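>>> Quick one, what's the 3D model for this:
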Amino acid sequence: MRKLIDLSHTIEDGLVTYKGLPAPIICDYLSRENSKEIYAKGTTFQIGKIEMCSNTGTYLDSPFHRYENGNDISELSLESVAGLDAIKIIVPETVTAISREYFQNHHVSGKAVLIQTNWSSHWNTEQYYEGHPYLTEDAARYLKDNGAVLVGIDTYNIDDVSGKERPVHSILLGSDILIVEHLSNLKLTPSDNFKFYAVPVKVKGFGTFPVRAFAEIPG
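A predicted model of the protein is given here:
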């Protein structure tokens with residue numbers, strides 16, 4: 001039988017995903033206690049309310065995130081975010097700038113390329129936000145030129161954030177190659193022969209949105 005592996009972080013009230021962006025506010029819109037006044041005795045409901053920046057938890061970037069005329073989250077086909085043939089690239093934990101050499105011996109054409117750095121072990125700590133591994137511009141060009149369809153990573157950002165340029169986002173999203181950031185549990189997946197899913201809610205006018213990312217391992 002197939003096996004499903006959750007590759008997403010849990011979103012909860014007050015979670016800081018990206019420094020400088022607001023944490024989500026998660027609360028009851030209708031609490032179970034208050035619902036007793038509305039429904040029959042013994043019948044209660046909870047309706048939740050969330051105020052959330054789109055860059056929260058494990059999320060997917062569409063071209064609109066970077067480019068005004070790019071496809072937004074609502075315009076992505078299901079084929080582009082579900083059931084993708086995937087491979088995993090393991091990068092040594094001592095590496096910060098991930099160059100093209102880590103991809104050159106792998107067949108990335110038509111694949112979701114997931115990059116395991118194990119940085120996700122620092123999730124929800126101060127260390128997570130500083131000195132994270134990232135792709136170089138050269139690596140992004142290699143993935144684009146060799147036909148990757150999605151690139152995911154288990155770090156704070158796929159780009160180097162020490163400056164103001166974001167070449168990896170620009171190159172990949174400019175070629176309709178989707179990005180998933182803040183993945184987790186990649187160590188539980190095989191290196192190849194599996195499917196990847198990262199389906200966001202169908203929201204108009206958003207370039208980024210949280211996903212329940214997971215891997216499907218055939219039986």
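
>>> Please make it C-alpha for all contacts and neighbour counts, starting now.
Noted.

>>> For the protein, which segments count as helices?
32-35, 137-145, 167-174 (DSSP state H).

>>> Please tabulate those in JSON lines, including the columns mean pLDDT.
As requested, the helices of the chain are arranged in JSON lines below (pLDDT from 0 to 100):
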{"stretch": "helix 32-35", "mean pLDDT": "98"}
{"stretch": "helix 137-145", "mean pLDDT": "98"}
{"stretch": "helix 167-174", "mean pLDDT": "98"}
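
>>> So which of those helices is nearest residue 108?
Comparing the helices of the chain by their distance to residue 108 (C-alpha to C-alpha), the top pick is helix 137-145, with 7.1 Å.

>>> follow-up on the earlier one: most neighbours per residue, which of the helices of the chain?
Highest mean neighbour count among the helices of the chain (mean count of other C-alpha atoms under 10 Å): helix 167-174, with a mean of 21.

>>> Between the helices of the chain, which one is closest to residue 77.
helix 167-174 (15.1 Å).

>>> tell me what the closest one is packed against?
For helix 167-174, the packing partners by 3 or more C-alpha pairs under 8 Å, 6 or more residues apart in numbering; DSSP states H and E come out as helix 137-145, strand 178-181.

>>> Would you tell me which of those gets closest to residue 58?
strand 178-181 (6.0 Å).

>>> now for the closest one, which elements pack on it?
strand 59-61, strand 150-153, helix 167-174.

>>> strands paired with it, and their directions?
strand 59-61 (antiparallel), strand 150-153 (parallel) (DSSP bridges).

>>> pLDDT on that strand, on average?
Per-residue pLDDT over strand 178-181 has a mean of 99.

>>> ok now it, how far from the chain's centre?
5 Å (C-alpha atoms, centre = their mean, to the nearest Å).

>>> Just the CA atoms of it, as PDB, please.
Below are the C-alpha coordinates for strand 178-181, written out as PDB (Å, rounded to 0.1, in the frame of the first residue of the first chain):
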ATOM      1  CA  LEU A 178       6.900  27.000  -8.500                       C
ATOM      2  CA  ILE A 179       8.700  27.300  -5.200                       C
ATOM      3  CA  VAL A 180       7.900  25.700  -1.900                       C
ATOM      4  CA  GLU A 181       9.700  27.000   1.200                       C
END
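
>>> Mind listing the residues bridging to the spatially most central residue of the chain?
In the chain, the centroid-proximal residue (C-alpha atoms, centre = their mean) is residue 180; its distance is 3.0 Å. Beta bridges link residue 180 to residue 60, residue 152 when assigned by DSSP bridges.

>>> hang on, isn't it packed against residue 57?
No - counting by C-alpha atoms under 8 Å, residue 57 is not a contact partner of residue 180; they are 10.5 Å apart.

>>> Which parts of this protein are strands?
3-6, 25-30, 47-51, 59-61, 84-90, 97-98, 112-116, 134-135, 150-153, 178-181, 194-197, 208-210, 214-217 (DSSP state E).

>>> can you put those in TSV and add distance to residue 19?
Listed next are those as TSV, based on distance: least, C-alpha to C-alpha, whole Å:
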stretch	distance to residue 19
strand 3-6	24
strand 25-30	16
strand 47-51	17
strand 59-61	15
strand 84-90	26
strand 97-98	21
strand 112-116	22
strand 134-135	17
strand 150-153	18
strand 178-181	14
strand 194-197	26
strand 208-210	16
strand 214-217	25
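
>>> what sits against residue 83?
195-197 (C-alpha atoms under 8 Å, 6 or more residues apart in numbering).

>>> Right, I'll leave it there.
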